[in-house]
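In: sharing a sequence plus its predicted fold:
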Amino acid sequence: MRIVVLGAGAVGSLIGAMLHRAGEDVVLVGSPAHVEAIRAGGLRIEGRLEGTFAIAAETRLAPGTSTDLVWFTVKTFDLARATEQAARELPGSIPWVLAQNGLGVEEVARAALRSAGRVADPDRWLVRAVNTIPATLVAPGIVRQPGDGEIRLADPNHAGTSGPSVRLVAASLLRAGVPVRFVPDIDRAAWRKAVVNAAINPVTAEHDILNGQLLQDPWRTEATILLLEALSAARLAGYDFSLEELERDLWETIRATAGNRSSMLQDVDRGRPTEIDSISGYLLDTARRHSVTLPATERIVERIRRRTASASHPRQQRS
Ligand code: PAF
């Protein structure tokens, strides 16, 4: 099966490598430096998956590219541009896998598919994937997988019109040995992950620390306060998580990804924009609509925004 990965940075390259290893015809679309390194010496994956893979890599999506499936692993702030381009250049009726951190990503992709007028029923093709497999872009052409995780997909039997698309995506991942978990409510899974990201990512990005350092104070307390505020936003949005389940998720994720630099910290490292708006910013907007304030979240969002204010939005972002 032909699979295009748009925005192949750390996560996209890792998923692409696993699919390629299983015999899929994968094309990574990434930044010029990453693509140049892959073309010169292959894609090197270190950590849990070890190997060098001779994968096709491009810096842009060529008009008329044919593919059976497309993974979007661009950053959330670059998703509108990437989906609009894909709606123009790719075949209309293929599954689109959205693997972003954060919330509100389906609306962006749906709008791109509708505005291109190519697809009558966008929801048939959109597949939300919630990824917990950690990955770090060590250098162009080199990705490290420092821990374990899984890809959560909607249970295809309860996924409405998108069920067949979910099944196709799941089958390719399972063939590649990628841990997949089917969940009854994928929106709930996306919120659950966003709450955990809201506690981990800004703190690691602000203090330049590995995920595992959040197990110690003062960062442990800061992450816990952010988790509590994120929980109140989730409840306002109708997700009745318990504090116990979210705390368990938070500390399990931190332990499983202890050696990782969070994706937000990697963005700050590279002077790029971050996903603060689609993670913590989305929680703030949800709370505001109910006249509720989240003071600690507000403060850290401001600090991260100030820190990355001068970051430009490169043409091809990666997650
Ligand atoms: O954004 C990230 O970095 C990841 O979602 C996670 C799970 C926090 C691991 O670093």
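Out: That came in fine, so what should we check first? Numbers count the residues shown, from 1 in each chain.
In: so which residues on the stretch 101-250 of the chain come close to the ligand?
Out: Selection of the stretch 101-250 of the chain residues close to the ligand by Cβ under 6 Å from any ligand atom yields 101, 132, 134, 197, 200-201, 211. (Glycine included, C-beta is placed from N, CA and C.)
In: which of these tops the neighbour count?
Out: Neighbour counts for these (other Cβ atoms under 10 Å) peak at residue 201, which has 29 neighbours.
In: could you give the separation of the lowest-mean-pLDDT helix or strand in the chain from the chain centroid?
Out: Counting by mean pLDDT, DSSP states H and E, the weakest-scoring helix or strand in the chain turns out to be helix 105-116, with a mean of 86. Centroid separation for helix 105-116 versus its chain: 17 Å, with Cα atoms, centre = their mean, to the nearest Å.
In: how about it: buried residues?
Out: Neighbour-count burial for helix 105-116 flags 105-106, 108-110, 112-113, 116 (criterion: 16 or more other Cβ atoms under 10 Å).
In: repeat that for stretch 12-24.
Out: 12-22, 24.
In: just the closest of those to the ligand, please.
Out: Nearest to the ligand out of those is residue 14 (Cβ to the nearest ligand atom; 12.1 Å).
In: now do the contacts for that closest one.
Out: By Cβ atoms under 8 Å, 6 or more residues apart in numbering, the contact set of residue 14 is 45, 49, 133, 135, 143, 145.
In: redo that, cut-off 10 Å
Out: 5, 8, 43, 45, 47-49, 73, 131, 133-137, 143-145, 178 (Cβ atoms under 10 Å, 6 or more residues apart in numbering).
In: and for residue 238, the neighbour number?
Out: Counted with other Cβ under 10 Å, residues neighbouring residue 238 total 10.
In: that one is in what secondary structure piece?
Out: Assigned by DSSP states H and E, residue 238 falls within no helix or strand.
In: likewise for residue 26?
Out: Per DSSP H and E: residue 26 is located in strand 25-29.
In: quick check: angle from the first helix or strand past that strand going along the chain to strand 25-29?
Out: Where DSSP H and E defines the elements, the next helix or strand beyond strand 25-29 is helix 32-41. Calculated by axes from the mean of the first three to the mean of the last three Cα atoms, to 10 degrees, helix 32-41 forms an angle of 140 degrees with strand 25-29.
In: got the domain ranges for this protein?
Out: The record assigns the chain these domain ranges, following automatic domain parsing: 2-184, 187-316.
In: which residues sit in contact with the closest residue to residue 258 other than its chain neighbours?
Out: Once flanking residues are discounted, residue 258 sits nearest to residue 212: 2.9 Å by Cβ to Cβ, 6 or more residues apart in numbering. Residue 212 is in contact with 146-147, 204, 254-260, counting by Cβ under 10 Å, 6+ apart.
In: quick one, which of these are buried?
Out: For the contacts of residue 212, a burial check counting by 16+ other Cβ under 10 Å picks out 146-147, 204, 254, 256-258, 260.
In: what's the nearest residue to the residue positioned nearest the centre of the chain if we skip its chain neighbours?
Out: Geometric centre of the chain, nearest residue: residue 100, 2.8 Å, by Cα atoms, centre = their mean. Spatially, and ignoring its direct neighbours in sequence, residue 100 is nearest to residue 76 (4.8 Å; Cβ to Cβ, 6+ apart).
In: which residue ranges of the protein form helices?
Out: 10-21, 32-41, 79-89, 105-116, 163-175, 186-207, 219-236, 243-256, 263-269, 282-289, 295-307 (DSSP state H).
In: so which of those helices gets nearest residue 62?
Out: Shortest distance between residue 62 and the helices of the chain, using Cβ to Cβ, is found for helix 79-89: 7.3 Å.
In: distance from the chain centre to that closest one, please.
Out: Remark: helix 79-89 is offset 17 Å from the chain centroid, using Cα atoms, centre = their mean.
In: tilt between it and strand 25-29?
Out: Helix 79-89 runs at 130 degrees relative to strand 25-29, counting by the same axes, to 10 degrees.
In: could I get the contacting residues of residue 111?
Out: By Cβ under 10 Å, 6+ apart, the residues touching residue 111 are 80, 83-84, 87, 122.
In: quick one: which of the residues you listed is the most crowded by neighbours?
Out: residue 83 (27 neighbours).
In: leaving out sequence neighbours, find the closest residue to it.
Out: Among residues not flanking residue 83 along the chain, residue 112 sits closest, at 3.5 Å (Cβ to Cβ, 6+ apart).
In: contacts only, for the one you found.
Out: 79-88, 96, 118-119, 122.
In: can you check residue 269 too?
Out: Residue 269 touches 136-137, 205, 208, 261, counting by Cβ under 10 Å, 6+ apart.
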